[in-house]
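>>> one predicted model, sequence on top.
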Amino acid sequence: MSDVATLEEAVWEALAQVPDPEIPAVSVVDMGMIEAVAVTESRASVIVLPTFTGCPAIAVIESDVRDAVAAVPGIQDVEVQTTFTPPWTTARITNEGRNKLREFGLAPPTGTGPVLIDSIGLPRFAVCPFCGSKNTYNENPFGPTPCRALYYCKDCSNPFEQFKPI
Ligand SMILES: [Zn+2]
């Protein structure tokens with residue numbers, strides 16, 4: 001495992017096992033939160049792009065990323081940096097991540113750009129992850145975390161959470 005490219009691949013594989021602390025169904029890679037990985041000999045440096053600045057999970061993510069990368073055979077030293085440049089947007093979530101979110105019962109962010117109600121910054125509607133209906137309404141603008149809003153589907157009567165697109 002002296003080949004740097006192989007090591008870098010192993011680091012990415014390890015990162016793909018690190019769950020998002022907010023939504024354990026998806027990994028930090030699924031969420032597009034890994035901005036860069038660099039491996040020099042036995043030293044790995046990882047740049048993390050936190051999803052939402054309002055989420056108090058940055059320290060957890062940094063520590064989980066560090067532990068996962070440190071466990072990769074051949075890596076002796078891990079440096080984890082957090083950056084807000086470029087800003088994370090929901091467009092960074094991978095297709096696999098979107099599928100996992102849907103399976104988890106979380107509606108993936110809709111469209112390519114934010115669809116917002118100006119005053120409270122919420123999507124006008126969300127697509128129900130259970131039945132696909134758009135006949136939904138926002139039940140609680142705040143939801144369980146600053147990242148998500150709670151919606152209710154009028155067609156299948158299921159509550160669900162929607163990412164606030166940013
Ligand atoms: Zn529904």
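Cool, got the structure. As the structure is a computational prediction, the values presented were derived from the model and not from experiment. Residues are numbered from 1 along each chain as shown.
>>> the protein: helices as residue ranges?
Counting by DSSP state H, the segments of the chain that form helices are 4-15, 58-70, 95-103.
>>> worst mean pLDDT among those?
Out of the helices of the chain, helix 95-103 stands lowest, with a mean of 88 (criterion: mean pLDDT).
>>> chain neighbours aside, what residue packs nearest to Ala25?
With C-beta to C-beta, 6 or more residues apart in numbering as the criterion, Ala25 has its nearest non-adjacent residue at 3.8 Å, and that residue is Phe104. For every residue, glycine as well, the C-beta is placed using N, CA and C.
>>> go on, Tyr152?
Here the nearest residue to Tyr152 in space, its sequence neighbours aside, is Glu139; by C-beta to C-beta, 6+ apart that works out to 4.6 Å.
>>> so that neighbour makes contact with Pro159?
Yes: with contact defined as C-beta atoms under 8 Å, Glu139 counts as touching Pro159 (6.6 Å).
>>> shared neighbours, those two?
Common contacts of Glu139 and Pro159 (C-beta atoms under 8 Å, 6 or more residues apart in numbering): 150-152.
>>> need those in a markdown table (columns: pLDDT).
Conversion of the shared contacts of Glu139 and Pro159 to a markdown table gives the following (pLDDT from 0 to 100):
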| residue | pLDDT |
| --- | --- |
| Leu150 | 77 |
| Tyr151 | 80 |
| Tyr152 | 83 |
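>>> for the ion, tell me which of those residues show up nearby.
Contacts with the ion within the shared contacts of Glu139 and Pro159, as defined by C-beta under 5 Å from the ion: none are present.
>>> and the gap between Ala91 and the ion?
For Ala91, the distance to the ion (C-beta to the ion, to the nearest Å) stands at 25 Å.
>>> what stretches of the chain score poorly on pLDDT?
Low-confidence regions of the chain, defined by pLDDT under 70, span residues 1-2, 52-56, 109-125, 140-148, 164-166.
>>> which parts of it belong to which domain?
The chain is divided into the following domains under automatic domain parsing: 4-82, 105-163.
>>> so for the first one, first residue to last residue, what's the gap.
Meaning domain 4-82. Taking C-alpha to C-alpha, to the nearest Å, the span from the opening residue of domain 4-82 to its closing residue is 23 Å.
>>> so is stretch 154-166 next to the ion?
Yes: residues of stretch 154-166 are located near the ion by C-beta under 5 Å from the ion, namely 155-156.
>>> good, wrapping up.
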